[in-house]
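J.: Here is my input; please provide its structure:
(2 chains, ligands or ions: 3)
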Amino acid sequence: MSNHHDVLLVGGGGAGLRAAIEIAETNSHLSIAVVSKVYPMRSHTVSAEGGAAGVIRDDDSLDEHAYDTISGGDWLCDQDSVEMFVEEAPRELLRLEHSGCPWSREPDGQIAVRAFGGMKNKRTWFAADKTGFHMLHTLFQTSLKYKSVVRYDEWFVTKLLVDDGRVYGVVAIELMSGRIEAITAGAVILCTGGCGRVFPFTTNANIKNGDGMSLAYRAGAPLADMEFIQYHPTGLPFTGILITEATRAEGGYLINKNGDRYLQDYGLGKPEPKPVLRSMELGPRDRLSQAFVKEVEKGHAVDTDFGPVVHLDLRHLGEELINRKLPFVRELCLKYENIDPVTELIPVRPVVHYMMGGVHTDMNGATSLAGLYAAGEVACVSINGANRLGSNSLSEILVFGARAGRAAAEYASSHTDTSTAVLAQAADERNRLQQRFTRKRSGERIADLRDEMQKTMEQSAGIYRSGESLSQAADTLHELQDRFASVTIEDDSRTFNTERISALELAYMLDVAETIVNSALRREESRGAHQRTDFPARDDKRYLAHTLIHREPDGSCRVEYLPVTITRWPPAERIYGT
Amino acid sequence: MNDRITMQVARYLPEGDAELSYQEYEVPYPREWVVLDGLNYIKDRLDGSLSYRWSCRMGICGSCGMTVNGEPKLTCATFLADYAPGPVRIEPLQNFPVIRDLVVDTGDFMRKLTSVKPWLIREEEKPLSEGEHLQTPAELDQYKQYSMCINCMLCCAACPVYGLDSEFVGPAAIALAQRYNLDGRDQGSKLRLDVLSDHEGIWGCTFVGECSKVCPENVDPAGAIQRYKLTAAMDSLKSFLMPWRGS
Ligand SMILES: Cc1cc2nc3c(=O)[nH]c(=O)nc-3n(C[C@H](O)[C@H](O)[C@H](O)COP(=O)(O)OP(=O)(O)OC[C@H]3O[C@@H](n4cnc5c(N)ncnc54)[C@H](O)[C@@H]3O)c2cc1C
Ligand code: SF4
Ligand code: FES
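T.: Ligands and ions are numbered 1, 2, ... in the order given. I've put the predicted structure just below:
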C-alpha cells in the first residue's frame, strides 16, 4: 500500500462513501483513500431511521422544500446553498435507487414518501425505519466494486498536515498494529460526522466526537455556527436511543402527564386526529424540545429515575401499520424499554442529536485552507441554519459528499506538488503521540474528565442558555484542557490500544466544547436551537450572520461574523400550525 | 454482594501472552444495563487497558459481537441481569483470529463479503433521466429479509464449518449474495453463482442451522444457503442436460 493518494477521505460514513464513489466514477485514474476509524458500514449513518428528503411528487415543488428548510432554520441558512441542495437531492436519492437501495414503495412500485417535521409536503424517502442503515450499506457495497478506492479500515486520524496554508495529507494510527503513518494526498475531504458525545445524553454513537471539527480548527480553518445544537424531542430515557420523527409523521401524539396534547399551548396549531403538516407533532424540533422544557416547569411532565419525560402515543396507529412502517421503533422499545408501542405509551425526552454547525465551507465543500474540503455533518455549508429539518441531512451527505468529491478531484488533478516540510511535521506528530499517549498513571481518569465536560455542557449549553452559565462553562472547559494534559493512560500496548484513542477523542471533544460555548456566549439573541434566557428575541440587526470561530496560536478563540446569503426569502416570522 | 455481578473477561495481548487468560471484575447490573455497559464500566472505572469494539449501542452498527457465556451475542442488546447471579463470561467471537482481548480480526470476513460481488449488476445501466426502477412491495419482500444483515459476524462465529474450512464463504456472504440475486433490478446472479459454486463457496455448508438461530436480525442465512444450493444444483443440471445453454 503506497501512502500517497490523489484524494484522501477522512471518514467512511454516508458523506465519505458518496464522495469516494463520485470520484471513482468520474475520475477513474485517481487513487482514492478512505481512512476511517471504524469499518465504513459501522459509521453512524447506519443508525438513521426516518428518511431522506427530496421532492418527487407533482403536487410538491423545489421552492416549497427550500422555504421549509429556510424557515425551519430560522433564516440562518445560506439560501443559494439551499436552492442548489433541494434541486440536487432528488437526483441523488434516485441514484441510490439505481444502486439498489431498498426504498419503501407504493403499491404500484413507485418510490413512497412520508411526511416529516417542519415539511409542508410529503417528500421524505424512506426504507421502512432503517433508512440510514440501508443507505450506508448500499453505498458501502457499491464502493466495493471500484478498484481505485483503497480503504484504511480502523485507522484513526490524529492530525492534518499543513504547509503554508495548503493541506497535504494526514497522520493516522493503525489500530491493529499501532503504527503511526503519514498518508499524503493532493486533496483531503473531512467526512467525520458530528459531535453529539460532547453531551451526556445523546442519540450519537460512541464514535461521534467532533474529530474533523477539531482537526480543521487546529489546522487553522474556522468553524461556523457551532452554538446551534439540535435536541431531538423524542429520545428514550437512559439510553438516549432515538424514536424517529416518522412515528409522529405516521400519526403519533405527544402527551403530558394529564394526557393532553400539550403542543397546542405553544403556538404549534390545534390538535387534529390525523397528522397535519407543519403543525403540532410535525412542528420543527427546536420548538418541540423547547415546549418540553416549559411543560417540565409547569409540572406537567412525568418523573422517572432518568429525569422527566412525556409520552409518545402510537397505540391508535394499530399493529399492522407499526409493523410495516415502524418495525425498528417497536423492536427498540421492546428490547430496551420492555414496552410494546402497540399497546403502551413510550416515555420520551429531548436528546442531543445533531450539530448544525461545523467546518465552514462553500457550496463545493471547500474550506478556507487550500486542498481541504469537508462534507456531511462535520461541515457547515450552511443549509441547516439555526435548526435542521429532519430528513434533510441524509440528503445533505449525498449532495455535498458528491460535490466535495468532484471539487477535491479537480483540485488534486491540477495540484500535484508535494511538500517536504510536512514529513518533518509527521515525525513530530509521531513523537507527540508516543510521548504523551503512553502509559502514565499520575493524573485523572479519562472518563472522569469526560463526565465533567459532558455535565458542564448539559448544564450550560443545553436547550436554554444564559450569559452567566456560558461564561462559567468557558472557565470550566479551560481548566479541563489543563487537567487533560496529565490524564492517566493505563494501556501501554501498541495493539488495538483503545484507551489512547479515547484520550485523543476527549481532546477533540474539549476543543469542540470550547467552540460551542464561546460561540453561544457571543450570540446575544435567540434563534432556532440557540435560546438565550437573557436575550429571548431574535435580533436580525446584529445576528443575521454566521458565527465564525478561529483558533489563535495561544489556544484562545476569536469570533467574527459573516453575513447570511439571502436570495428570495427575506427574514420573516416562523409560523407553524396554520 | 447482590448488586454486583462478576464478569470473567478474556484477556490476550499478542506482545506478551502465549494464550488467552481470564480476568474477573465486579460490576453493577441495574435492570437497564447491557453487557456492553458492564464492559464500559470496567474500562472507565476499573481497568483502562481492556480492548473491545463498540459504537452505536442500539444493535445496528454490528460492532459489538462477542461470546457471552458460550453464545455469540451483540453485547449492546444482551442484558446483564439475565445472567444474574453470575458469573458471566465474555470472550471474543469464535472462529476468528484474536487480535487483542475481545477484538477479532475481521479481514477474512470482509474479503469473503466482497468476493460475492455484493452490488447491483446490470447489463445496461438505466439512465437517471428515466426515473426509478419500479418495484412493488411484494417484489421488495422477495429480498428484503436478506438486506437486513448488519455484518455482525455472529452467524460465522456459530457455524462449525466456517471454523474448520477456511474456503467456505460463510452464511453472511451467501445471504448477501441472495439479497442481490433476488432483487428484480439485479442481473448479476450468474456471475455470483460462478464465485459461489466454485470451491467450497456454498457446498461447504452441512445444514447445521446454527447461523439462523443466532442472527439478531432474523436474516435466516441458513434459508438463503438452502435456496442457493437448489439454484446451483438446478443450474448445473441444466448445463448438463442442455449444454447449449451453458455459456
Ligand atoms: C439516531 C440517528 C438518527 C438519524 N436519523 C436521520 C434521519 O432519519 N434523516 C436524516 O436526514 N438524518 C438523520 N440523522 C442524521 C444523519 O444520520 C447524520 O447527520 C449523517 O448520517 C452523518 O453522516 P456523515 O457521513 O457526515 O457522518 P458519519 O456517518 O457519522 O461518518 C463519520 C465517519 O468518519 C469517521 N471518522 C470520524 N473521526 C475519525 C478519525 N479521527 N479518523 C478516521 N476516521 C474518522 C468514522 O469512522 C465514520 O466513518 C440521524 C442521526 C442519528 C444519530
Ligand atoms: S446474517 Fe445475521 S448473524 Fe450473520 S452477519 Fe448478518 S446479521 Fe449478523
Ligand atoms: S454497538 Fe452497535 S451493534 Fe452493538
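J.: Just the strands from the stretch 301-450 of chain A, written as ranges.
T.: Assigned by DSSP state E, counting those that start in this stretch, the stretch 301-450 of chain A shows strands spanning A:302-304, A:307-313, A:346-355, A:358-360, A:372-374, A:379-380.
J.: For ligand 3, which of those is the nearest?
T.: Evaluated over these, closeness to ligand 3 peaks at strand A:346-355, with 17.3 Å, by CB to the nearest ligand atom. C-beta coordinates here come from the backbone N, C-alpha and C atoms, glycine included.
J.: Compute the inter-axis angle for that closest one and strand A:307-313.
T.: Orientation check (axes from the mean of the first three to the mean of the last three CA atoms, to 10 degrees): strand A:346-355 against strand A:307-313 gives 100 degrees.
J.: Distance to ligand 3, mean neighbour count and mean pLDDT added to the strands of the stretch 301-450 of chain A, as JSON lines?
T.: Formatted as JSON lines, those follow (distance: least, CB to the nearest ligand atom, whole Å; neighbours: other CB atoms under 10 Å in any protein chain shown; pLDDT from 0 to 100):
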{"stretch": "strand A:302-304", "distance to ligand 3": "24", "mean neighbour count": "13", "mean pLDDT": "96"}
{"stretch": "strand A:307-313", "distance to ligand 3": "23", "mean neighbour count": "21", "mean pLDDT": "97"}
{"stretch": "strand A:346-355", "distance to ligand 3": "17", "mean neighbour count": "25", "mean pLDDT": "97"}
{"stretch": "strand A:358-360", "distance to ligand 3": "24", "mean neighbour count": "29", "mean pLDDT": "98"}
{"stretch": "strand A:372-374", "distance to ligand 3": "25", "mean neighbour count": "30", "mean pLDDT": "98"}
{"stretch": "strand A:379-380", "distance to ligand 3": "25", "mean neighbour count": "30", "mean pLDDT": "98"}
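J.: just so I know, which of the ones you listed lies nearest residue B:121?
T.: Closest approach to residue B:121 among the strands of the stretch 301-450 of chain A (CB to CB): strand A:372-374, 31.1 Å.
J.: Next one: that closest one, is it in contact with ligand 1?
T.: No: using CB under 6 Å from any ligand atom, strand A:372-374 stays clear of ligand 1, with a minimum separation of 9.3 Å.
J.: Can you name every helix or strand that that strand contacts?
T.: Where contact means 3 or more CB pairs under 8 Å, 6 or more residues apart in numbering or on different chains; DSSP states H and E, strand A:372-374 is packed against strand A:180-190, helix A:211-219, helix A:392-414.
J.: try 10 Å
T.: strand A:4-10, strand A:166-174, strand A:180-190, helix A:211-219, strand A:358-360, helix A:392-414 (3 or more CB pairs under 10 Å, 6 or more residues apart in numbering or on different chains; DSSP states H and E).
J.: Point out where chain B drops to low pLDDT.
T.: B:1-2, B:199-200, B:236-247 (pLDDT under 70).
J.: repeat that with 90
T.: B:1-2, B:16-18, B:163, B:165-167, B:193-208, B:226-247 (pLDDT under 90).
J.: Tell me where the stretch 451-578 of chain A has helices.
T.: Ranges of helices within the stretch 451-578 of chain A are A:467-484, A:498-522, A:540-543, based on DSSP state H, counting those that start in this stretch.
J.: again, but for chain B
T.: Per DSSP state H, chain B has helices spanning B:35-41, B:107-115, B:137-144, B:154-158, B:160-164, B:171-181, B:189-197, B:210-214, B:221-241. These are given in chain order.
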